[in-house]
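In: 3D model of this:
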Amino acid sequence: MLLRKLLPFVGVLLSLNTFGQWGTTQTGLQTGVTNIIIPAGSGSNPSFTFISSAYTQESVYAGWVDAINGSELTLDGFTGTELEDPPWEDNELAQTAHLLRVVDGNADGNANVFSTVNGHIFNVIGHVGNDLTVNLPPDQMLSYFAIYDGVQIIKAATLESLFGIGDDFTGTSGTPAVGDNLLIWSSVGWKVYFHYNNKWQTFGTRADQSSTIIYPDEGMIYVHRGDGLTLSFSGLVPQNIQSYLPGSGGKFLMSNPFPIAMNLSQLIDISTNWSSSSNINDADQILVWENSAWTIYYHDINNWINFTSGEIDDKSIEAGSSFMILRCNDAWLVESYTKIDLPE
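Out: Numbers count the residues shown, from 1 in each chain. The predicted structure follows:
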């Protein structure tokens, strides 16, 4: 399970414009393309854009759970029949970034972790035969999985798949002070990535970071030095997505995980593990950068309130964008996952 430790928030600037197009696959699944316009910037004055990817990829496996043993799931037909060649060598799907996604879950789940499991994802860290291992401790498996759960294996979104590498990278390459940066909120604060020497890199290591996973609920900050450009993200439109909430006093850069505009009431479940109050100092807050200042939103028990204007405002979060969640210091607020559904 992905858990994120939280450090102090760093303010940045936002400029965002998105447009998209839609289609349908032969199986009836919606596909789409979202184009995000990144403004021009210079070395001393880069542009900052809050973005999100908002798509999933075609599944390489779709089936169900036959058995659960520790952190291993036995998947029906994962390696095919005796009359067929196995579709993958042992551990092949762990060599590149793949995720196991629950699409038809039966487990009740743990209300303090993730009460509705559909849409939840886990890293594939190994597989031998029909037995697949995910990044979840054995004592938590039954909170998320039950026999006959419907699951998919999908290729994860990564720095390489979203932004390209080498000649396919359309931004400005170079050292962190010269080229583009990508900021991701991580367990040690802001993690900075940059494209240099034909690969994605980060501080503290020379290892290639191109396979770094971008999770569906993670927002990103694109720091650009160069002429304006357009980022294009495409894939399948997800039906539901896991959504992370930090614990008391925490902060998180959250994506709009769908390629359509979504209101705060659709993105944030205030029914549990969310602090609503008529006093903003006792309420969890949403921060959205608009033009030249942060606009703060909070839920006053009855409505979403725009603190800047004082008006009721169920803020619409643009497709392809992200925003900050700031949690108040109530001790009962816990680190958790919820589920967001695509509106019908």
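
In: When you work out contacts or count neighbours from here on, use the C-alpha atoms and nothing else.
Out: Fine.

In: helix/strand/coil for residue 63?
Out: strand (DSSP: H, G, I helix; E, B strand; the rest coil).

In: actually residue 141, not the one I wrote
Out: helix.

In: shouldn't it be in contact with residue 117?
Out: No - assessed by Cα atoms under 8 Å, residue 141 is found out of contact with residue 117, at 11.6 Å.

In: Comparing the two, which shows the higher neighbour count?
Out: More neighbours surround residue 117 than the other of residue 141 and residue 117, with 27 against 20 (other Cα atoms under 10 Å).

In: My assumption is that that one lies in a helix; please confirm.
Out: No - the assignment for residue 117 by three-state DSSP gives coil, which leaves it out of any helix.

In: Begin at 24, not 1, for the rest of this chat.
Out: New numbering, starting at 24: the last item is residue 140.

In: mind listing the helices for this structure?
Out: Assigned by DSSP state H, the chain shows helices spanning 115-118, 164-167, 182-186, 287-290.

In: could you dump the ones you listed to TSV with mean pLDDT and distance to residue 362?
Out: TSV is the format used below for the helices of the chain (pLDDT from 0 to 100; distance: least, Cα to Cα, whole Å):
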stretch	mean pLDDT	distance to residue 362
helix 115-118	93	26
helix 164-167	89	13
helix 182-186	97	24
helix 287-290	97	9
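
In: and of these, who's closest to residue 124?
Out: For these, the distance to residue 124 is smallest for helix 164-167, at 10.9 Å, taking Cα to Cα.

In: okay, and for the protein, where does confidence drop off?
Out: The model of the chain has pLDDT under 70 over residues 24-51, 103-109, 130-139, 210-211, 315.

In: Break it down into its structural domains.
Out: Under the assignment automatic domain parsing, the domains of the chain span 82-178, 263-364.

In: what's the distance between the first one and the middle of its chain?
Out: If you compare the mean C-alpha spot of domain 82-178 with that of the full chain, they lie 19 Å apart, counting by Cα atoms, centre = their mean, to the nearest Å.

In: and the end-to-end length of that domain?
Out: The first and final residues of domain 82-178 sit 7 Å from each other (Cα to Cα, to the nearest Å).

In: Same check on the longest one?
Out: Between the start and the finish of domain 263-364 there is a gap of 4 Å, counting by Cα to Cα.

In: Figure out how far that domain is from the centre of its chain.
Out: Offset of domain 263-364 from its chain centre (Cα atoms, centre = their mean): 15 Å.

In: ok, now stretch 236-252?
Out: Taking Cα atoms, centre = their mean, one finds the center of stretch 236-252 at 12 Å from the center of the full chain.

In: May I have that stretch as PDB, with CA atoms only?
Out: Extracted C-alpha coordinates of stretch 236-252, given in PDB (Å, rounded to 0.1, in the frame of the first residue of the first chain):
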ATOM      1  CA  ILE A 236       5.300   5.600 -11.200                       C
ATOM      2  CA  ILE A 237       2.800   8.500 -11.200                       C
ATOM      3  CA  TYR A 238      -0.200   7.200  -9.200                       C
ATOM      4  CA  PRO A 239      -3.700   8.200 -10.400                       C
ATOM      5  CA  ASP A 240      -4.400  10.500  -7.400                       C
ATOM      6  CA  GLU A 241      -1.000  12.200  -7.500                       C
ATOM      7  CA  GLY A 242      -0.800  15.800  -8.800                       C
ATOM      8  CA  MET A 243       2.400  17.100 -10.400                       C
ATOM      9  CA  ILE A 244       4.000  20.500 -10.800                       C
ATOM     10  CA  TYR A 245       5.600  21.100 -14.200                       C
ATOM     11  CA  VAL A 246       8.400  23.700 -14.000                       C
ATOM     12  CA  HIS A 247       9.200  24.900 -17.500                       C
ATOM     13  CA  ARG A 248      12.100  26.900 -19.000                       C
ATOM     14  CA  GLY A 249      11.700  27.500 -22.700                       C
ATOM     15  CA  ASP A 250       9.100  28.300 -25.300                       C
ATOM     16  CA  GLY A 251       5.500  27.400 -24.600                       C
ATOM     17  CA  LEU A 252       4.600  23.800 -25.200                       C
END
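
In: Could you list the buried residues of that stretch?
Out: Residues of stretch 236-252 classed as buried: 236-249, 252 (neighbour count, 16 or more other Cα atoms under 10 Å).

In: Among these, which are located in strands?
Out: Using DSSP state E, 243, 244, 245, 246, 247, 252 are the members of these that sit in strands.

In: For the residues you listed, give me JSON lines that also has distance to residue 87.
Out: As requested, these are exported to JSON lines (distance: Cα to Cα, whole Å):
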{"residue": "243", "distance to residue 87": "33"}
{"residue": "244", "distance to residue 87": "36"}
{"residue": "245", "distance to residue 87": "38"}
{"residue": "246", "distance to residue 87": "41"}
{"residue": "247", "distance to residue 87": "43"}
{"residue": "252", "distance to residue 87": "42"}
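
In: which one among these gets closest to residue 258?
Out: Nearest to residue 258 among those, counting by Cα to Cα, is residue 243 at 18.1 Å.

In: thought that closest one was touching residue 213?
Out: No - judged on Cα under 8 Å, residue 243 makes no contact with residue 213 at a distance of 10.0 Å.

In: Need the overlap of contacts for these two.
Out: Both residue 243 and residue 213 are contacted by 206, 207, under the criterion Cα atoms under 8 Å, 6 or more residues apart in numbering.
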